[in-house]
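K.L.:
Sequence first, then the predicted structure:
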Amino acid sequence: MARLLRGSWSLRCREALLRAVRSRPVSGVLGIMAKHGDAAGSLTKHEPSLAKSEWRKKLTPEQFHVTREKGTEPPFSGIYLNNRESGMYHCVCCDSPLFSCSFGNVFLSSEKKYCSGTGWPSFSEAHGTSGSDESNTGILRRVDTSLGSVRTEVVCKQCEAHLGHVFPDGPGPTGQRFCINSVALKFKPGKP
């Protein structure tokens with residue numbers, strides 16, 4: 001009887017831990033708790049969340065699939081993959097500013113947007129990042145175990161749109177690669 005009770009207790013503890021981990025922002029692919037985003041794991045929404053049918057009306061089918069159903073656009077197909085203009089990338093769903101870049105030199109490179117060769121636009125940090133502090137950015141990190149491994153999903157802080165994932169294999173100094181779907185973004189040219 002004692003073994004059965006210990007087993008039941010252990011199962012409940014594991015389930016509670018998994019629920020807690022899945023609801024909290026994370027850093028890195030190992031699912032380590034981080035100081036990024038909302039510390040309580042809940043989102044502060046700046047506008048009311050739309051119903052699924054309203055999102056379908058507002059977005060193209062591909063935008064809906066990626067942002068609301070956590071899909072992924074095919075690699076090398078996104079309109080912003082090779083974009084070399086200076087400006088700001090906003091959430092396609094709610095227009096929240098997410099990533100900035102400025103291309104100023106003759107080689108058309110940016111300190112924040114770069115070509116990773118993966119087939120998706122890549123950024124080394126989110127707009128509003130200060131050192132390792134992402135509390136003033138438009139993104140949140142979440143645990144994603146949908147493919148059987150632990151990854152870090154990136155979502156819009158304002159409307160919870162799925163944007164892509166972040167990986168620890170980017171360039172210095174951050175070492176991060178925000179791998180973001182073009183279809184989840186809206187680019188506004190100009191000085192970021």
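P.N.:
That came in fine, so what should we check first?
K.L.:
how much space between residue 88 and residue 112?
P.N.:
11 Å (Cβ to Cβ, to the nearest Å). C-beta: built from backbone N, CA, C; applies to glycine.
K.L.:
hey, what's in contact with both of these two?
P.N.:
99, 100 (Cβ atoms under 8 Å, 6 or more residues apart in numbering).
K.L.:
List the backbone torsions phi and psi for residue 68.
P.N.:
Torsion angles at residue 68 (phi, psi; degrees, to the nearest 10) stand at phi -100, psi -20.
K.L.:
isn't it right up against residue 55?
P.N.:
Yes. Counting by Cβ atoms under 8 Å, residue 68 does reach residue 55; the two are 5.1 Å apart.
K.L.:
Report pLDDT for residue 22.
P.N.:
pLDDT recorded at residue 22 is 42.
K.L.:
again with residue 81
P.N.:
Turning to residue 81, the model gives it a pLDDT of 95.
K.L.:
quick one, what contacts it?
P.N.:
119, 120, 121, 182.
K.L.:
What is the nearest of those to residue 171?
P.N.:
Checking the contacts of residue 81 against residue 171 by Cβ to Cβ gives residue 121 as the nearest, at 14.4 Å.
K.L.:
State whether residue 58 and residue 91 are indeed in contact, as I suppose.
P.N.:
No. The criterion here is Cβ under 8 Å, and residue 58 misses it with residue 91 at 12.0 Å.
K.L.:
who has more neighbours, these two?
P.N.:
residue 91 (23 against 14; other Cβ atoms under 10 Å).
K.L.:
Heading C-terminal from the helix or strand of the chain with the lowest mean pLDDT, find the next helix or strand.
P.N.:
Within the chain, confidence by mean pLDDT, DSSP states H and E is lowest for strand 32-33 among all helices and strands, at a mean of 30. Going down the chain from strand 32-33, the next helix or strand is helix 52-58, by DSSP states H and E.
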